[in-house]
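>>> What follows is a protein structure lacking sequence information:
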């Protein structure tokens, strides 16, 4: 049986964490089907959405989140948020869909971060923080060479989704419009979801509290971290963020919704389903 992550890293995880791997695998399978549904329901004719690119996306999504505490629904929420922000910024529907499709690969570089760092319940040491921050450059390396537009977008997002408008982000300390638009969009989407969600080191926050933090700051997250246009777009769709977060955090409701098969697409809008061999191998201990 194939290994998604090295056995040595799996053994480093807490025993009670290993049981969650199967849950994550199940959730990501549902997410894969949801992406297929979205793509089938949209008149997408761009070559970047062919079967090969979709298979690549699904495989990288599966690999990057198999050793993380984050649930697979984080990927789908970030995708939804990014797509909504892109539309609110008046991007063309095809551009917005491309960003939404590529957004789940923002943290693909975490696949090589040691479990002891990735799943640590307390604050990271300076050295652990340095290791964690390498997931941006590692993710970009994993997605290189990128030969299609969606994979190029995914690579840019992986590299720049922690850059900040005021230049205080990483890995390159880019500032202002030097940060690619797709990176700016996913940065806010990812930050919103991180603030809303429970983590080993922080409690879950309400939508209202997260909006206050994004727009006014809390000393750690500040409005100057985000492009003004991104914050304006967020204000237009913040209610959708709240709705999507609630909907996609309820795993039972999500599973029930995804059990309903999509209407088959016809003509040029038809998109091939992921290949059957996408069944995820469970890490062998």
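Now that the structure is in, tell me what you want to look at. All figures in this text were calculated on a predicted structure; none of them were measured in a lab.

>>> Quick one: end-to-end length of stretch 158-177, please.
17 Å (C-alpha to C-alpha, to the nearest Å).

>>> For stretch 137-149, which residues meet the burial criterion?
Going by neighbour count (16 or more other C-beta atoms under 10 Å), the buried part of stretch 137-149 is 138-140, 142-143, 146, 148-149. Just so you know, the C-beta spots here come from the backbone N, C-alpha and C atoms, and that holds for glycine as well.

>>> try stretch 235-255
By neighbour count with 16+ other C-beta under 10 Å, stretch 235-255 contains the buried residues 237-238, 240-242, 244-245, 248-249, 254.

>>> can I get these in CSV with pLDDT?
As requested, the buried residues of stretch 235-255 are exported to CSV (pLDDT from 0 to 100):
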residue, pLDDT
237, 98
238, 98
240, 97
241, 97
242, 97
244, 93
245, 94
248, 84
249, 81
254, 50
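
>>> just curious, which of those residues is nearest to residue 201?
Here the nearest of the buried residues of stretch 235-255 to residue 201, counting by C-beta to C-beta, is residue 249; it sits at 18.9 Å.

>>> tell me the SS of residue 122?
Classification of residue 122 using DSSP: H, G, I helix; E, B strand; the rest coil returns coil.

>>> Now do it, the pLDDT please.
Looking at residue 122, its pLDDT reads 84.

>>> and it, what is it in contact with?
Residue 122 is in contact with 200-201, counting by C-beta atoms under 8 Å, 6 or more residues apart in numbering.

>>> wait, isn't residue 188 in contact with residue 86?
No - applying C-beta atoms under 8 Å, one finds residue 188 not in contact with residue 86, separated by 11.1 Å.

>>> Flag the shaky bits of this structure, pLDDT-wise.
1-72, 250-285 (pLDDT under 70).

>>> quick one, strands of it?
Counting by DSSP state E, the chain has no strands at all.

>>> And the helices in it?
Ranges of helices in the chain, per DSSP state H, are 7-12, 15-40, 51-64, 73-88, 93-102, 115-118, 126-133, 135-142, 149-160, 181-196, 207-216, 228-249, 251-258.

>>> List the contacts of the spatially closest residue to residue 209 that is not a sequence neighbour.
Distances taken as C-beta to C-beta, 6 or more residues apart in numbering put residue 195 closest to residue 209, at 7.9 Å, once the chain neighbours are dropped. For residue 195, the contacting residues are 205, 209-210, 213-214, 221, by C-beta under 8 Å, 6+ apart.

>>> Over to residue 181?
By C-beta under 8 Å, 6+ apart, residue 181 lies in contact with residue 89.
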